[in-house]
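>>> coordinates for the following, if possible.
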Amino acid sequence: MRVLVLGAGGQVGRALVAALPDATALRHLDLDIADAANATIDWAAYDTVVNAAAFTDVDGAETVQGRAAAWLANAAGPAALAAICHRSGSTLVHLSTEYVFDGRSTQPYPEDAPVAPLSVYGASKAAGDLAVQTLERHYLVRPSWVVGDGHNFVRTMLRLAEKGVEPSVVADQIGRPTFATDLASAIVHLVASGAPYGTYHVTGGGEPASWAEVARATFALAGHGDLRVTDTTTAEYFADKPHAAQRPLNSVLDLSRAAAAGVELPDWRERLAEYVTSGS
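Take a look at the predicted model:
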């Protein structure tokens, strides 16, 4: 399998490179995904292109400059990749997000739920999804709350705990963390096993939780369970941040299709314990 990984410097990209040591890996400085259409790459040399590159600054996407950058990286770039893979006959694996949904449902979101993004970031990702889905040979993979080697919520909580800070954390957004190593393993499994093409929701398994519950679990695992994590609401937390992007309150994704395809979905609490104790 000849694989090209784009966005290899991000959390998921690093995990993919570790899972696919023979793959060609390009970071942002090697290729800006927004300029994929003009890249001088021998695309035909690859059976599979995995796109982990994206503009992920959710609040930054609400600014004038960020809006343009988000649409270029999250919509125009994947559209160009879909056209390139159509010409080369390659399989395209693309990373999406639960932000394409509005989070108003009380049930886990299945892959075929209508998209209804609340933010510029979500809209740009939804547009990229639609472009990728025009390609027959595609895997569109949607995680939520990604935790890997890089800046993420768990690392922020660990830093606060180490400083003795007792934070207020949103308790009305519900989801499941997705650990980047599990996401990379899922992508490798889908491609290598020849799973049916299409969209797959891939997150950690186990019971969903709020950000506040994830924070408390992180504090406890780090030996700072004596520090208090106070529940707050999304509205209260962002009251003094009028330009912040709207977040879906329900980020729980239905994992049935991935499970049926044989994707391992480890309990996020077990993975969190491993992540914290390993000092990642």
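>>> then the strand or helix carrying T156 to CSV, C-alphas only?
In the assignment (DSSP states H and E), T156 maps to helix 153-163. Provided in CSV are the C-alpha atoms of helix 153-163 (Å, rounded to 0.1, in the frame of the first residue of the first chain):
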residue,chain,number,x,y,z
PHE,A,153,-8.1,19.9,26.1
VAL,A,154,-6.5,17.2,28.2
ARG,A,155,-3.1,18.8,28.1
THR,A,156,-4.6,22.1,29.1
MET,A,157,-6.3,20.5,32.1
LEU,A,158,-3.0,18.8,33.1
ARG,A,159,-1.2,22.1,32.9
LEU,A,160,-3.9,23.8,35.1
ALA,A,161,-3.8,20.9,37.6
GLU,A,162,-0.1,21.2,37.9
LYS,A,163,-0.4,24.9,38.7
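>>> what mean pLDDT does the next helix or strand after it have?
Downstream of helix 153-163, the first helix or strand assigned by DSSP H and E is strand 168-170. What strand 168-170 shows for mean pLDDT is 97.
>>> which positions in strand 168-170 come out as buried?
Using 16 or more other Cβ atoms under 10 Å as the test for burial, strand 168-170 gives 169-170. Yep, even glycine has a C-beta here, placed from its N, CA and C like the rest.
>>> ok, that strand: who's next to it in the sheet?
Strand 168-170 sits in its sheet next to strand 230-232 (parallel), going by DSSP bridges.
>>> next SSE downstream of the strand it pairs with?
helix 234-237.
>>> which residue ranges of the stretch 101-250 of the chain form strands?
138-142, 146-147, 168-170, 174-175, 178-179, 198-201, 209-210, 230-232 (DSSP state E, counting those that start in this stretch).
>>> which one of those strands is the most hemmed in?
strand 178-179 (a mean of 28; mean count of other Cβ atoms under 10 Å).
>>> contacts for that strand?
Under the contact criterion Cβ atoms under 8 Å, 6 or more residues apart in numbering, strand 178-179 has outside partners 143-148, 202-204, 266, 268, 271-272, 275.
>>> backbone dihedrals for the closest residue to H243 other than its chain neighbours, both of them.
Spatial nearest neighbour of H243, chain neighbours left out: E62 (5.6 Å); criterion: Cβ to Cβ, 6 or more residues apart in numbering. Here is the backbone geometry of E62 (degrees, to the nearest 10): phi -80, psi -10.
>>> give me the pLDDT for E62.
At E62, the pLDDT value in this model is 97.
>>> contacts only, for it.
119-120, 243-245 are the contacts of E62 under Cβ under 8 Å, 6+ apart.
>>> tell me which of those residues fall in helices.
V120 (DSSP state H).
>>> thought A261 was touching S193?
Yes. Between A261 and S193 there is a contact under Cβ atoms under 8 Å: 7.2 Å.
>>> of the two, which one has the most company?
A261 (17 against 10; other Cβ atoms under 10 Å).
>>> before we move on, back to that, what sits up against the helix holding T156?
Residues outside helix 153-163 that contact it (Cβ under 8 Å, 6+ apart) are 145, 147, 167, 177, 211, 214-215, 218-219, 222, 224, 227, 272, 275-276.
>>> could you do stretch 5-13 as well?
For stretch 5-13, the external contacting residues (Cβ under 8 Å, 6+ apart) are 14, 16-17, 20, 23-31, 33, 36, 49-54, 56, 81, 95, 143, 146-150, 152, 180, 183-184.
>>> now swap in stretch 82-91 and tell me
36-37, 43-44, 46-49, 92, 131-132, 134-135, 137-139, 191, 197.
>>> so where do the helices sit in this structure?
Ranges of helices in the chain, per DSSP H, are 11-19, 64-71, 77-88, 120-132, 153-163, 180-193, 211-221, 234-237, 256-260, 268-277.
>>> just these: most buried one?
The highest mean neighbour count among these, using mean count of other Cβ under 10 Å, belongs to helix 120-132: a mean of 24.
>>> elements contacting that helix?
Helix 120-132 sits against helix 64-71, helix 77-88, strand 91-95, strand 138-142, with contacts defined as 3 or more Cβ pairs under 8 Å, 6 or more residues apart in numbering; DSSP states H and E.
>>> I am finished for the moment; much appreciated.
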